[in-house]
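[1] Below are the sequence and a predicted model for it; my questions follow.
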2 protein chains.
Amino acid sequence: MTSAMPTASAGGPIRVGLDIGGTKTDAVAIAGDDIIGRIRRASGHGDEAVIANVVDSVRELQAEAGFDLADVRSVGVGIPGLVDAAKGRVLHAVNLGVETLDLAALSGARLGVPVAVENDVKAAALGAAAIRGANTGTSMAYLNLGTGVAAGIVTGGVLWRGARGTAGEVGHISVDPAGRLCTCGQRGCVETLCGGGALARAWGRPGALPVRDIFDAADQGDTEALLLRADLSRGAAAAVRILVLSADVETVVIGGGLTALGERLGDGIRTALIADAAGSPFLRSLRLDERIEMLPSGSPAAALGAALVGSHVPEQEIAVHG
Amino acid sequence: MTSAMPTASAGGPIRVGLDIGGTKTDAVAIAGDDIIGRIRRASGHGDEAVIANVVDSVRELQAEAGFDLADVRSVGVGIPGLVDAAKGRVLHAVNLGVETLDLAALSGARLGVPVAVENDVKAAALGAAAIRGANTGTSMAYLNLGTGVAAGIVTGGVLWRGARGTAGEVGHISVDPAGRLCTCGQRGCVETLCGGGALARAWGRPGALPVRDIFDAADQGDTEALLLRADLSRGAAAAVRILVLSADVETVVIGGGLTALGERLGDGIRTALIADAAGSPFLRSLRLDERIEMLPSGSPAAALGAALVGSHVPEQEIAVHG
């Protein structure tokens, strides 16, 4: 799988993938290995708006890339929240104002195309694995640094689902009993250190991109900003260590909204990994700083992964929904 | 697989499993699903003693259970240290005084029986899964609380190997930047809280079973002992959370030398899991206190698992070694 630049439709089967974020939706259409169309639009809030968003995204992609709806074989949706992927049901997506929603069935019926739904980070993990094009024998975790922090684990090209839907929930592992209170009720969670939402709350000053403001203020020597910038790096470094020392993935790919910080983000995490390993021959032997990869800001990984989720809908599901 | 009490040899193929600890070795012979013999002996120190231990354990089991060496189809060895399972090679087993040792080839040649080698915790994880007899569709982690702390993850009856041999190394995840210094060079590792060796060092008083002394002194109200006892519970609770929030295993089975503490160990860990979840609806929803199981002290899980490791040696390996 390559993430080639948009090309004209090849006329073959089309897969659509949507990454529905709390405010914006990123949608791609793929044909074979190529991204043939990409749009971004507002996400909308509430059940009806979320369903309409899926339908309208497909239509906007049609208009943009010039393919027929009849050629769309599947639609995959990545959504931030708890998802019952087997039933295509959203169970709890607080940022979208959705409690329980049969999103696959309802949007699929309107489109006449089978729709699959997956947690956004899990979908992005599949997309990141596809973009890397790595050997399917390898293992990787996709660590999403956005408003919240979570990871998806992919081994042999397959998503690790786990027993109860908490695989990769490293954001809510406490690494400091004296740390800040987390929205989950624990203290010192990884997410309190490197989640965009937690950092913005700790910073407490207005601004469109609080984490960028923190980095800029840190560059100017602001003490509070320096501490929060260090928190971000050490929290992400802790997440990387946890993923390697539990699931033992070969590579940790870092993506999510905070990649808008550019090289400053990756440099900070690498520096923290090296500094934390300075006193530990064991940690040094893991060479963690060489095992992280940064997704570029604006990567289509999440939407691409959603398209892949859709393409894996079993035939039986397609018959039911189509 | 049931761990039935020893019965007379059925005359069929026999699998031998050894759990080689730093001081003692536990060895079992199994026929079909039954343990038909079990011995314990001193482990020995250094390359030659470790090889002799494998050979002599098999012979002692023969004498005890009354089977022929010709009926022994495989020998599996669990050993505390870094193991290249594919090559049957021990790479680093500091407690046994072994640096690099072709244990499978050398002991297999003396016995005329194929020998497989695995890390002791990984082998014990397989054994614990077999003893539970759980549905192969389920996932579990085996958390070993011994001198050190590590886990093995088993999903669908298969050991999770990971990319570089650090799967389940939760003992060296730091959960407290202000915690005690770990032998690995980090501060506040899970192992500094709930490893028998770290607790004995922190306690610093002589005694055959320092962790039991700590529990007894805590019962008498000794302040230092109370703190260390609480450390043990909160460290083990942290390990359980890490395993569920990364690999998302359904169940965490706890075994290892500290199970000699009996119900006091399990009660303490359950209490810590409940207390830590008091302020967190998220943690409470995971019901972690209901998802741990304690192996009884003296469980043959580790030796049984080693026997299973041996029984999985591919035919090609058998031809080479046998």
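    Looks like it came in fine.
[2] List the residues that contact the residue nearest the centre of chain A.
    Residue closest to the mean C-alpha point of chain A, counted by CA atoms, centre = their mean, is A:Val121 at 3.5 Å. When contacts are counted by CB atoms under 8 Å, 6 or more residues apart in numbering or on different chains, A:Val121 is found next to A:Gly78, A:Pro80, A:Tyr142, A:Asn144, A:Ala150, A:Ala151, A:Gly152, A:Gly168. C-beta coordinates here come from the backbone N, C-alpha and C atoms, glycine included.
[3] what do you get for A:Ala303?
    Residues near A:Ala303 by CB under 8 Å, 6+ apart: A:Gly17, A:Leu18, A:Asp19, A:Asp26, A:Ala27, A:Val28, A:Arg38, A:Gly78, A:Gly127.
[4] Can you list the residue ranges for strands in the stretch 101-250 of chain A?
    Remark: strands assigned in the stretch 101-250 of chain A by DSSP state E, counting those that start in this stretch are A:115-119, A:139-145, A:149-155, A:158-159.
[5] Quick one: closest of those to chain B.
    The closest of the strands of the stretch 101-250 of chain A to chain B is strand A:139-145. By CB to the nearest CB, the value is 5.1 Å.
[6] Any chance you could give me the closest one in PDB, C-alpha atoms only?
    What follows is strand A:139-145 as a C-alpha-only set of coordinates in PDB (Å, rounded to 0.1, in the frame of the first residue of the first chain):
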ATOM      1  CA  SER A 139       4.800  -5.800  14.700                       C
ATOM      2  CA  MET A 140       4.200  -2.200  15.400                       C
ATOM      3  CA  ALA A 141       2.200   0.000  17.700                       C
ATOM      4  CA  TYR A 142       0.600   3.200  16.500                       C
ATOM      5  CA  LEU A 143       0.700   5.800  19.400                       C
ATOM      6  CA  ASN A 144      -1.900   8.500  18.900                       C
ATOM      7  CA  LEU A 145      -1.000  11.800  20.600                       C
END
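[7] I'd like the strands of the stretch 101-250 of chain A laid out as TSV, including mean pLDDT.
    Compiled in TSV, the strands of the stretch 101-250 of chain A are given as follows (pLDDT from 0 to 100):
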stretch	mean pLDDT
strand A:115-119	96
strand A:139-145	97
strand A:149-155	96
strand A:158-159	90
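[8] got those strands as JSON lines, with mean neighbour count and distance to A:Pro210 columns?
    Below are the strands of the stretch 101-250 of chain A laid out as JSON lines (neighbours: other CB atoms under 10 Å in any protein chain shown; distance: least, CB to CB, whole Å):
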{"stretch": "strand A:115-119", "mean neighbour count": "29", "distance to A:Pro210": "25"}
{"stretch": "strand A:139-145", "mean neighbour count": "30", "distance to A:Pro210": "14"}
{"stretch": "strand A:149-155", "mean neighbour count": "28", "distance to A:Pro210": "15"}
{"stretch": "strand A:158-159", "mean neighbour count": "18", "distance to A:Pro210": "31"}
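[9] of all those, which lies closest to A:Gly195?
    strand A:149-155 (4.7 Å; CB to CB).
[10] Each with direction, which strands does the closest one pair with?
    Looking at strand A:149-155 with DSSP bridges, its partner strands are strand A:139-145 (antiparallel), strand A:158-159 (antiparallel).
[11] OK, contacts around the residue in the stretch 51-200 of chain A positioned nearest to chain B?
    Closest contact between the stretch 51-200 of chain A and chain B, by CB to the nearest CB, is at A:Gly162 (2.5 Å). A:Gly162 sits next to A:Gly168, B:Ser139, B:Ala247, B:Asp248, B:Val249 when contact means CB under 8 Å, 6+ apart.
[12] Pick out the most distant pair among these.
    Going by CB to CB, the pair spanning those furthest: A:Gly168 and B:Ser139, at 13.9 Å.
[13] Overlap in contacts, these two.
    Counting by CB under 8 Å, 6+ apart, the common neighbours of A:Gly168 and B:Ser139 are A:Gly162, B:Asp248.
[14] quick one on the thing from earlier: pLDDT score assigned to the residue of the stretch 51-200 of chain A closest to chain B?
    According to the prediction, A:Gly162 has pLDDT 89.
[15] And for A:Gly310?
    Looking at A:Gly310, its pLDDT stands at 88.
[16] A:Pro314 too?
    On the pLDDT scale, A:Pro314 is placed at 52.
[17] same check, this time on A:Thr138
    The model reports A:Thr138 with a pLDDT of 83.
[18] burial count for it?
    Counted by other CB atoms under 10 Å in any protein chain shown, the residues lying close to A:Thr138 total 16.
[19] got it, and A:Gly112?
    Counted with other CB under 10 Å, A:Gly112 comes out at 11.
[20] Settle this for me: it is touching A:Asp68, isn't it.
    No: with contact defined as CB atoms under 8 Å, A:Gly112 does not reach A:Asp68; the gap is 12.0 Å.
[21] can you list residues touching both of the two?
    With the criterion set as CB under 8 Å, 6+ apart, the contacts of A:Gly112 and A:Asp68 do not overlap.
[22] which residues are contacting stretch A:56-72?
    Here stretch A:56-72 makes contact (CB under 8 Å, 6+ apart) with A:6, A:8-9, A:11-16, A:18, A:25, A:27-29, A:31, A:36-39, A:41, A:75, A:111-113.
[23] Next step: those restricted to strands.
    Under the assignment DSSP state E, the contacts of stretch A:56-72 contribute A:14-16, A:18, A:25, A:27-29, A:31, A:36-39, A:41, A:75 to strands.
[24] So A:Ala163 versus B:Asp276, what's the distance?
    20 Å (CB to CB, to the nearest Å).
[25] again, but for A:Ser297
    36 Å.
[26] Ok, A:Gly81 next?
    Using CB to CB, A:Gly81 is found at 25 Å from B:Asp276.
[27] of those two, who's got more company?
    More crowded of A:Gly81 and B:Asp276, by other CB under 10 Å: B:Asp276, with 24 against 19.
[28] Around the nearest residue to that one once chain neighbours are set aside, how many other residues sit close by?
    Computed as CB to CB, 6 or more residues apart in numbering or on different chains, the closest residue to B:Asp276 that is not its neighbour in sequence is B:Ala237, at 5.8 Å. If you count neighbours by other CB under 10 Å, B:Ala237 ends up with 27.
[29] quick one, what contacts B:Ala237?
    B:Ile269, B:Ala272, B:Leu273, B:Asp276, B:Leu288.
[30] State the pLDDT value of it.
    98.
[31] If A:Asp34 is in a bridge, with which residues?
    When bridges are assigned using DSSP bridges, the partners listed for A:Asp34 are A:Ala31.
[32] near chain B, which residues of the stretch 201-322 of chain A?
    By CB under 8 Å from any CB of the partner chain, the residues of the stretch 201-322 of chain A that approach chain B are A:238, A:241-250, A:276, A:279-283, A:286.
[33] Let's see that with 10 Å instead.
    Proximity of the stretch 201-322 of chain A to chain B, by CB under 10 Å from any CB of the partner chain, involves residues A:234, A:238-239, A:241-251, A:276-287, A:291.
[34] Just the ones of those residues in helices?
    Within those, residues falling in helices by DSSP state H are A:234, A:238-239, A:241-246, A:276, A:281-286.
[35] Taking those residues, please make a ChimeraX selection of just the buried ones.
    In ChimeraX, this line selects whichever of those come out buried by 16 or more other CB atoms under 10 Å in any protein chain shown:
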select /A:234,238,239,241,242,243,244,245,246,276,282,283,284,286
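[36] got any ranges where the stretch 201-322 of chain A has weak pLDDT?
    Along the stretch 201-322 of chain A, the parts satisfying pLDDT under 70 run over A:313-322.
[37] With the stretch 1-150 of chain A instead?
    In the stretch 1-150 of chain A (pLDDT under 70), the answer is A:1-11, A:134-137.
[38] and the closest residue to A:Glu118 other than its chain neighbours, how many residues sit next to it?
    Excluding the flanking residues, the one nearest A:Glu118 by CB to CB, 6+ apart is A:Val309, at 4.4 Å. Neighbours of A:Val309 under the rule other CB under 10 Å: 27.
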